[in-house]
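**Q** Curious how this folds, go ahead:
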Amino acid sequence: MRGFDGAHDYEVVELLLAFCIPRRDLKELAKELVTRFGSYREVMDAAPEELAAVRGIGPKTARDLSLLRLAGEHYLRQRASAADSFADPSALHAYVRACLAPRSAEEMWAFYMDAGAHMIYEEQIGRGSFNRVEVCAREIVNGALKNRATYVVLAHNHPSGMAEPSDLDRILTRSVSLVASTVDLQLHDHLVVGADEVFSFRSHGLL
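**A** Coordinates of the predicted model:
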């Protein structure tokens, strides 16, 4: 099956619309969606109520599009989690991208791991606005102790698409690392997920 490399955003949207609205010419509607929201990704990230407000979409089609996006996220997450161990940074980066890249608001997640870098537990520890999320370092450490983790990896997304960490991101990383060290827990990494890349505090020498 031919992939979508080289396809226009509206052509991909048109294909998905065909699953939701059969037997109609959907090219102009697909173009309108891309023009209104900005790109294929932003169309799929749009809330159902935003999509439903577009003439020709309506609540049912908006819900169907959202379900297609969720199904895709679920596949990517399961595929990424198939790794036996997350000792390989590329496997870990793929997993957190599958978890966080599609989010429209900033979220912070903690991934608790054993000494062999196997995932024990993961949890969302904060959800914020478009560009800010607040979390407590002590809660992260308590989560690691509760799950008997050796390592913890923090990850959060930047819905703006830029993976560069903010000053607040750097302060939080230092705070969590300091608190964790008091109970012999290692903050293994803090990953910032952008639209096209993942920034690693460890690989940049910041941990």
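
**Q** contact partners of the top helix by length along the chain?
**A** Looking across the chain with DSSP state H, the single longest helix is helix 58-81. Outside helix 58-81, the residues that touch it by Cβ atoms under 8 Å, 6 or more residues apart in numbering are 16-17, 19-21, 43-45, 48-52, 91, 94-95, 97-99, 102, 119. For the C-beta atoms, the positions are set from N, CA and C on the backbone; glycine is no exception.

**Q** For ChimeraX, write a command that selects the buried ones of the residues you listed.
**A** A single ChimeraX command selects the buried members of these (16 or more other Cβ atoms under 10 Å):
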select :16,17,20,21,43,44,45,48,51,52,91,94,95,97,98,99,102,119
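
**Q** Please flag which of the contacts of helix 58-81 sit within helices.
**A** Per DSSP H, the contacts of helix 58-81 map to helices at 16-17, 19-20, 43-45, 48-52, 91, 94-95, 97-99.

**Q** Look through this structure and report the residue furthest from the middle.
**A** Most distant residue from the mean C-alpha position of the chain: residue 23, 33.9 Å away (Cα atoms, centre = their mean).

**Q** secondary structure class for that residue?
**A** When classified by DSSP: H, G, I helix; E, B strand; the rest coil, residue 23 comes out as coil.

**Q** Tell me how many other residues crowd residue 169.
**A** Neighbourhood size, residue 169 [other Cβ atoms under 10 Å]: 20.

**Q** Could you find the closest non-adjacent residue to it?
**A** residue 192 (6.4 Å; Cβ to Cβ, 6 or more residues apart in numbering).

**Q** just checking, that neighbour touches residue 160?
**A** No - at 11.0 Å, residue 192 does not count as touching residue 160 under the criterion of Cβ atoms under 8 Å.

**Q** higher neighbour count, those two?
**A** Between residue 192 and residue 160, residue 192 has the larger neighbour count (other Cβ under 10 Å), namely 23 against 12.

**Q** what pLDDT does the more buried one get?
**A** Among the per-residue scores, residue 192 shows a pLDDT of 95.

**Q** burial measure for the residue nearest to residue 46 when sequence neighbours are not counted, as a count.
**A** Of all residues beyond its chain neighbours, the one nearest residue 46 is residue 37 (5.5 Å), with distances taken as Cβ to Cβ, 6+ apart. Counted with other Cβ under 10 Å, the neighbours of residue 37 add up to 19.

**Q** now residue 143
**A** 17.

**Q** Which elements pack onto the host helix or strand of it?
**A** Secondary structure from DSSP states H and E places residue 143 in helix 137-146. When contacts are defined as 3 or more Cβ pairs under 8 Å, 6 or more residues apart in numbering; DSSP states H and E, helix 137-146 packs onto strand 107-113, strand 119-127, strand 151-157, helix 167-181.

**Q** Residue 185 contacts residue 144, correct?
**A** Yes - when contacts are counted by Cβ under 8 Å, residue 185 is listed as touching residue 144 (5.2 Å).

**Q** the more surrounded of the two?
**A** Using other Cβ under 10 Å, the more surrounded residue of residue 185 and residue 144 is residue 144, with 24 against 20.
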